[in-house]
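J.: Next comes the sequence, and after it the predicted model I'd like to discuss.
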Amino acid sequence: MAAPKTNEFMEKVVSLCKRRGFIFQSSEIYGGINGFWDYGPLGAELKRNVKDLWWRSMTRLRDDIAGLEATIIMHPKIWEASGHVATFTDPMIDCKTCKGRFRADQINEIPCPQRPSKTVSECAGEKTEPRPFNLMFKTHVGPVESDENAAYLRPETAQAIFAQFKNVLEVSRQKVPFGIAQIGKAFRNEVTPRNFTFRSREFEQMELEFFIRPDDAVAKLAGAVAKLDAGTNLSEPKTDWGWEVWHKYWVEQRLSWYESIGLPRTSLEEYWQRKDELAHYAKATVDILYKFPFGAQELEGIAARGDFDLTQHQKHSGKSMEYFDEETKSRYVPHVIEPSAGVDRLILALLCNAYHEEEVVDEKGNKEVRVVLRFHPRVAPVKAGVFPLLKNKPDLVRKALEVRDLLRPHMNVFYDEAGAIGRRYRRQDEAGTPFGVTIDFETLGEAGPGMADTVTLRHRDSMLQERVPISDLAARLLDQVR
Ligand code: GAP
């Protein structure tokens, strides 16, 4: 079928998200609150799978990364040290005519609130001069609302990792190079939340701070720092890697991870920031972009941050952040490579990538449009639908419940006995469930003993069906969903 236009496509994704319970507007019964979103039953499962897969690939499958789960509110000095109090701002302007408030750098893209068909730059209203607007949400700790008690909701999870660097180093018995990974909420009072969940005011990040030797310590140890070129083998870390090779290594690791959860390379772009675009502390930053229907936009930033953050915390806290390197017999503040991904943007990318409409012919020979979410089985919220062919045959129902109970300890399955089998398949197609398991009369041995205790396994994407012994089912499915 012809692909729907961009806006139409996004509208379809947004409406499916609501209809099937992936994403709802926060506080919808009160008219919603701009920039905040809730994940419904399917969305919560999808998000959990994505976070678990990231956590597994970062911590459990590697020896050199330890996990952390820190608080959202931290000592306010953290944000002075990190530079967020002084510089975490967007340039904001007001339109004196339509009273809209906008980011000065996005002025050409924003619909005027009074005349939605116009962009603000076309609205004739006089604009104020841009002024900096700090994106951090402020609150107070304790009963007194004074300046001394002011605190912030964290705008990134990263700073907690730097603040706990020494503690984690001590207890995990890691040696540089090593990393600390964290998943958690972050908050930014975005001037203009937009594109569904893409730019939200409350969101989740999956961040890794990977601490490495400064290049001079690498040179001391290995004789020279490896040069990065097209032939550099990035599969296994080496002692002569300096920040440039480590940075490239993490870009490749992250791209492969996105592929492993179903985002093809062709849907992603690497954007290497120009020197004049880099944050003042960054030596290099690569953005991994996903080709959203509204344009290629950032999913993850991978920055080489040097020793900026640890040095800042050392200065502001008065606590040493130095590391004694046994192998080089030298003392230094480690440098860092930071792959920082947004969970919500990734969920949106997975939904856009999975959404397909196709024309199919139903059991009665009528053409119909099938909406199917082609999630990779690893991220799919429900892994298998389990269906008795008929709900009024107790033997079929009993057997189907047995199959559900067999699979349930291993994966999220959904038992459904309501309606015609074709309709049940369609419902699971829309939820992105990769497998359908149907218990029929053959399962009960009514077509002869050869077929007893076998089920129909239906594959979502090809709609092909095969017979599988119940005893093989869990292993067959686990092979795909893990
Ligand atoms: N510690 C580095 C850092 O926070 P960032 O580029 O500002 O870097 C990292 O944020 C990721 O967090 C982004 O690539 C994006 O996926 C996600 N993110 C940032 N702001 C967001 C927002 N307002 N809504 C949803 N996700 C956001």
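T.: Yep, it's here.
J.: residues from the chain in reach of the ligand?
T.: Neighbours of the ligand within the chain, by C-beta under 6 Å from any ligand atom: 156, 158, 188, 190, 199-200, 203, 205, 207, 298-301, 338, 340-342, 344-345. Where C-beta positions appear, they are placed from N, C-alpha and C, glycine not excepted.
J.: Which of those fall within helices?
T.: Using DSSP state H, the subset of the residues of the chain next to the ligand located in helices is 158, 344-345.
J.: What degree of burial does the residue of the stretch 201-350 of the chain found nearest the ligand show, as a neighbour count?
T.: Nearest to the ligand, among the residues of the stretch 201-350 of the chain, is G342, at 2.2 Å (C-beta to the nearest ligand atom). Other residues within reach of G342, judged by other C-beta atoms under 10 Å, total 23.
J.: And for M321?
T.: The number of residues packed near M321 is 21, by other C-beta under 10 Å.
J.: Now for it, which secondary structure element holds it?
T.: Applying DSSP states H and E as the criterion places M321 outside every helix and strand.
J.: Same check on M92?
T.: For M92, the element it lies in under DSSP H and E is strand 89-94.
J.: Could you list the low-confidence segments of the protein?
T.: Along the chain, segments meeting pLDDT under 70 span 1-4, 108-121.
J.: Got the domain ranges for it?
T.: As given by automatic domain parsing, the domain ranges for the chain are 6-76+155-351, 382-481.
J.: Of those domains, which is nearest V372?
T.: Nearest to V372, of all the domains of the chain, is domain 382-481, at 4.3 Å by C-beta to C-beta.
J.: how far is the closest one from where the chain is centred?
T.: With C-alpha atoms, centre = their mean, to the nearest Å as the basis, domain 382-481 stands 30 Å off its chain's centre.
J.: end-to-end on that domain?
T.: The first residue of domain 382-481 is 10 Å away from its last residue (C-alpha to C-alpha, to the nearest Å).
J.: thinking again about what came up before, any chance of the ones in helices among the residues of the chain next to the ligand in CSV with neighbour count as columns?
T.: Shown next, in CSV, are these (neighbours: other C-beta atoms under 10 Å):
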residue, neighbour count
A158, 23
D344, 22
R345, 23
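J.: ok, those vs G32, which is closest?
T.: G32 has its nearest neighbour among these in D344, at 16.3 Å by C-beta to C-beta.
J.: mind listing what the closest one touches?
T.: 37, 197-198, 200, 203-204 (C-beta atoms under 8 Å, 6 or more residues apart in numbering).
J.: of all those residues, which two lie farthest apart?
T.: Between any two of the contacts of D344, the greatest separation by C-beta to C-beta is 13.3 Å, found for F198 and E204.
J.: So what's the residue count around E8?
T.: When neighbours are defined as other C-beta under 10 Å, E8 has 11 of them.
J.: circling back to that earlier point, selection in ChimeraX covering whichever of the contacts of D344 are buried, please.
T.: Selection command for ChimeraX covering only the buried members of the contacts of D344, criterion 16 or more other C-beta atoms under 10 Å:
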select :37,197,198,200,203,204
